[in-house]
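Student: Kindly return the folded structure for what I paste below:
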Amino acid sequence: QVQLVESGGGLVQPGGSLTLSCVFSGAPFHFYSMGWFRQAPGKEREGISCMHYGDDSTIYADSVKGRFTISRDNAKNTAYLQMNSLKPEDTAVYYCAALRGLCVLVDELYDYRGQGTQVTVSS
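Tutor: Residues are numbered from 1 along each chain as shown. Predicted structure coming up:
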């Protein structure tokens, strides 16, 4: 059974940085594209980044481009989201997800999701 467990969320001041981790288990990690999504209170879930399983190509939403970096370590079955220059509007629950297919920022297409980790950006 595939499981994804996020960690690394917390409270950070505007302009600060956080790195989220997503540990994947239960299937061959290298066969899955990995995505990061977030959902703020009262808002729809937003796809913010994904990394293709085959060539590690990436996609970023405009809202995070240039500030966030997705990466993966296949030896550790872990995906990461490095978040820099954080803004109050980045406050949300962040989720990782796994897709047996091409990297896309469409939550409904993903096969598995984690439970999420809270990121709060506030002074």
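
Student: How about the secondary structure of the most centrally placed residue in the chain?
Tutor: Centroid-nearest residue in the chain, with Cα atoms, centre = their mean: residue 36, separated by 2.4 Å. Using DSSP: H, G, I helix; E, B strand; the rest coil, the structure places residue 36 in strand.

Student: Could you check the pLDDT of it?
Tutor: In the predicted model, residue 36 carries a pLDDT score of 98.

Student: What of residue 50?
Tutor: So, for residue 50, pLDDT stands at 97.

Student: Would you tell me what the next helix or strand after whatever helix or strand it lives in is?
Tutor: Secondary-structure assignment from DSSP states H and E places residue 50 in strand 46-51. Proceeding N to C from strand 46-51, the next assigned helix or strand is strand 58-60, under DSSP H and E.

Student: Starting from that next one, tell me which strands it pairs with and how they run.
Tutor: With DSSP bridges as the test, strand 58-60 is paired with strand 46-51 (antiparallel).

Student: Residue 87: neighbour count?
Tutor: By other Cβ atoms under 10 Å, the residues close to residue 87 number 13. Where C-beta positions appear, they are placed from N, C-alpha and C, glycine not excepted.

Student: ok, it touching residue 122?
Tutor: No. The pair residue 87 / residue 122 is not scored as a contact, 10.4 Å apart, by Cβ atoms under 8 Å.
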